[in-house]
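Undergrad: Provided below for reference: sequence and predicted model.
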Amino acid sequence: MSYIGIVITYVFIQNFILVQFMGLCPFIGVSKNSESAIGMGVAVTFVTAITSVVCWGVSHLFLIPFDLEYLQTIAYILVIAALVQLVEMIIRKMSPGLYQALGIYLPLITTNCAVLGIAVINADNGYNLLESFLAGLSAGLGFTMAIVLMSNIREKLDMTPVRKVFQGVPIAFISAGLMALAFMMFDQSLLTNLHLV
Amino acid sequence: MSVVIAFLIVGILGLILGFGLAVADKKLAVEKDPKLEELEAAMPGANCGGCGYAGCQAYAEAVYSGKAPAGLCSPGGAALAEKMGSILGIEVEVKERMVAFVFCRGNGEVTKTDYEYRGMGDCNAAALLQGGPIGCKEGCLHLGSCIAVCPSGAISKDEKGNIVVDKEKCIGCGKCTAVCPNHVIRMVPYAQEWICACSNHEPGGKVRKACQVGCIGCKMCETKVADSPFKVESFLSSNDWNMDQSNAAAAAEVCPQKCIVRRS
């Protein structure tokens, strides 16, 4: 698959939130306003992209030469946890405001299955270093797109008369379901039609 | 052998990452002002939320950045406010200590019962059923939701079934005032002695039917006593804390319902 094909796949066709339903916790938790949604998206994108590269390195330097592929999950989680710590330090240093806004969801990127998901998907598909990096980056971008769209919808929803039982998270989940429906229009035929396969 | 290799590989990986993080932590360390650290150390650490902030640390940061005044902490009281002021080098206005008080003396003996309540032991649940099992719809339900939320164990039930607050133990966080469905438990100044212990705003006749110790709004406390701190509004007497309290005892004396009580 071409590089553009990988980007389109992970941003649209296999969008992590709206198609694969990974990482729903920050998707609902941090999408109340678009500012922190963008911050969360950038943080996740950073982590997925770096994770893809580092996990590829760990896999090819440590695991495959020693026949230790069965340790994949534990090694990846180790890498992800360390990376998230690093991102947390960087954000705390660079932008205390964003650090406050992200709150508990920042360390929770560690347990965000989107991050482990992209590392495992890379390994399963046998991507090379550049392909892994692109897949990680575009998975993060897809996440960012979904969470920013969602935050804008929720900002509008705040000013809309919603029935009391649906206010807040329930209507957010309904909106997310409708967005996921819309994303079902992207499928493999998109790649075929664009002559990318 | 493969076990040893696996052990080594994961160990080495962990070491590399750990070392990297340690270096990053030093490089990216955020310097904290020693004043802020001192403030955080001075906080009582109850994390009660009575100041309106998420916890002691959040409040210390707010005070440090000048977003909040120093005297908001009830558990710390005046001593903490002074200490915070001396750390920051500012003058601190000490807030009067507020403690919770139950504005109701009704119980099974003196208050009418509308129906027998057998639901869960929670005031908010009981209040959903026709405003609760007791005849007075603005009175204490005695199911002890305030006892459950009190972080300092200051609220208890006495032998008659009334809910009482130990004013020495009360840290003034205000959690009980928020949980009470009838807003019967409210904050009063610590030094306050005489309080009209009733919350019912209904006219006298209705109150009399429901409860023997309720305020009937007769205005005796207001009119029969010169310079009385009590004032009757919508059939309920209340003490104006800011007024001179010297005649409060006399007002309690003339109250026909004896619902103006001296707090122990």
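TA: Now that the structure is in, tell me what you want to look at. Residues are numbered from 1 along each chain as shown, chains lettered A, B, ... in the order given.
Undergrad: and the helices in the stretch 101-250 of chain B?
TA: B:123-128, B:145-149, B:175-179, B:204-210, B:220-223, B:248-254 (DSSP state H, counting those that start in this stretch).
Undergrad: these: which one's closest to B:Phe101?
TA: Judged by Cβ to Cβ, the one of these that comes nearest to B:Phe101 is helix B:175-179, at 9.7 Å. For every residue, glycine as well, the C-beta is placed using N, CA and C.
Undergrad: tell me how chain B divides into domains.
TA: Annotated domains of chain B cover B:34-88, B:106-191, B:192-264 [automatic domain parsing].
Undergrad: for those, which one sits closest to chain A?
TA: Of all the domains of chain B, domain B:34-88 sits nearest to chain A, with 9.7 Å by Cβ to the nearest Cβ.
Undergrad: near chain A at all, the closest one?
TA: No - shown here: domain B:34-88 not in contact with chain A (Cβ under 8 Å from any Cβ of the partner chain), separated by at least 9.7 Å.
Undergrad: end-to-end on that domain?
TA: 11 Å (Cα to Cα, to the nearest Å).
Undergrad: with stretch A:56-63 instead?
TA: 10 Å.
Undergrad: residue 113: neighbour count?
TA: Picking chain A for this. Per other Cβ atoms under 10 Å in any protein chain shown, the neighbour tally for A:Cys113 reads 15.
Undergrad: my question was about chain B, not that one.
TA: 11.
Undergrad: tell me the pLDDT at it?
TA: At B:Thr113, the predicted lDDT confidence score is 90.
Undergrad: you'd agree B:Met43 is up against B:Leu72?
TA: No - in this structure, B:Met43 is not within contact of B:Leu72 by Cβ atoms under 8 Å, at 11.4 Å.
Undergrad: which of these two has more neighbours?
TA: Neighbour totals were compared for B:Met43 and B:Leu72, and B:Met43 leads with 21 against 18 (other Cβ under 10 Å).
Undergrad: what about the residue nearest to B:Gly49 when sequence neighbours are not counted, how many residues nearby?
TA: Leaving out its chain neighbours, the residue that sits closest to B:Gly49 by Cβ to Cβ, 6 or more residues apart in numbering or on different chains is B:Cys173, at 6.5 Å. B:Cys173 has 25 neighbours, counted by other Cβ under 10 Å.
Undergrad: ok, B:Cys173 - contacts?
TA: B:Cys173 makes contacts with B:Ala46, B:Cys48, B:Gly49, B:Gly50, B:Ser74, B:Pro75, B:Pro151, B:Ser152, as judged by Cβ atoms under 8 Å, 6 or more residues apart in numbering or on different chains.
Undergrad: list the residues that contact the third one.
TA: What that stands for is B:Gly49. B:Gly49 makes contact with B:Gly55, B:Cys173, B:Lys175, according to Cβ under 8 Å, 6+ apart.
Undergrad: again with the last one
TA: Listed by Cβ under 8 Å, 6+ apart, the contact set of B:Ser152 reads B:Ala46, B:Pro75, B:Lys169, B:Cys170, B:Ile171, B:Cys173.
Undergrad: contact partners for B:Asp114?
TA: Contacts for B:Asp114 (Cβ under 8 Å, 6+ apart) come out as B:Gln130, B:Gly132, B:Pro133, B:Ile134, B:Gly135.
Undergrad: could you check how far the second one is from B:Tyr117?
TA: When Cβ to Cβ, to the nearest Å is applied, the distance between B:Gly132 and B:Tyr117 equals 7 Å.
Undergrad: settle it for me: which of those two has more neighbours?
TA: More neighbours surround B:Gly132 than the other of B:Gly132 and B:Tyr117, with 25 against 17 (other Cβ under 10 Å).
Undergrad: run a quick neighbour tally on residue 163.
TA: You didn't pick a chain, so chain A it is. So A:Arg163, with other Cβ under 10 Å, has 8 neighbours.
Undergrad: actually it's chain B I care about, not the one you picked
TA: B:Ile163: 26 neighbours (other Cβ under 10 Å).
Undergrad: surely it touches B:Cys180?
TA: No - using Cβ under 8 Å, B:Ile163 is not in contact with B:Cys180, being 9.5 Å away.
Undergrad: so for these two, which residues contact both of them?
TA: In contact with both B:Ile163 and B:Cys180: B:Cys146, using Cβ under 8 Å, 6+ apart.
Undergrad: if we can go back for a sec, which residues are in contact with both of B:Gly132 and B:Tyr117?
TA: Common contact partners of B:Gly132 and B:Tyr117 (Cβ under 8 Å, 6+ apart): B:Ala126.
Undergrad: near chain B, which residues of chain A?
TA: So chain A meets chain B at A:58, A:62-63, A:66-68, A:71, A:74-75, A:78-79, A:82, A:85-86, A:89-90, A:92-93, A:96 (Cβ under 8 Å from any Cβ).
Undergrad: write the PyMOL selection for whichever of the residues you listed are buried.
TA: The PyMOL selection below is limited to those of those classed as buried (16 or more other Cβ atoms under 10 Å in any protein chain shown):
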select buried, chain A and resi 58+62+63+68+71+75+78+79+82+85+86+89+90+92
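Undergrad: what's the spatially closest residue to B:Arg97 that is not a sequence neighbour sitting at in phi/psi?
TA: Spatial nearest neighbour of B:Arg97, excluding adjacent residues (Cβ to Cβ, 6+ apart): B:Tyr190 at 4.1 Å. The phi/psi pair for B:Tyr190 (degrees, to the nearest 10) reads phi -60, psi -40.
Undergrad: for B:Tyr190, give me the pLDDT.
TA: Looking at B:Tyr190, the pLDDT reads 87.
Undergrad: distance check, it against B:Ala78.
TA: 11 Å.
Undergrad: between the two, what contacts are shared?
TA: In contact with both B:Tyr190 and B:Ala78: B:Arg97, using Cβ under 8 Å, 6+ apart.
Undergrad: one step back: filter the contacts of B:Ser152 to the buried ones?
TA: Buried residues within these, defined by neighbour count using 16+ other Cβ under 10 Å: B:Ala46, B:Pro75, B:Cys170, B:Ile171, B:Cys173.
Undergrad: among the helices of the stretch 101-250 of chain B, which comes closest to B:Ala22?
TA: Proximity to B:Ala22 (Cβ to Cβ) singles out helix B:175-179 among the helices of the stretch 101-250 of chain B, at 41.1 Å.
Undergrad: off-centre distance for the closest one?
TA: 6 Å (Cα atoms, centre = their mean, to the nearest Å).
Undergrad: swap in stretch B:199-208?
TA: From the chain centre to the centre of stretch B:199-208 is a distance of 26 Å (Cα atoms, centre = their mean).
Undergrad: just the C-alpha atoms of that stretch, please, in CSV.
TA: Extracted in CSV, the C-alpha atoms of stretch B:199-208 (Å, rounded to 0.1, in the frame of the first residue of the first chain):
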residue,chain,number,x,y,z
SER,B,199,-37.4,26.1,59.0
ASN,B,200,-41.1,26.1,58.3
HIS,B,201,-42.4,29.0,56.3
GLU,B,202,-46.1,28.0,56.5
PRO,B,203,-48.6,30.1,58.5
GLY,B,204,-49.1,29.3,62.2
GLY,B,205,-52.1,27.2,61.9
LYS,B,206,-50.5,24.8,59.5
VAL,B,207,-47.4,24.6,61.5
ARG,B,208,-49.3,23.8,64.7
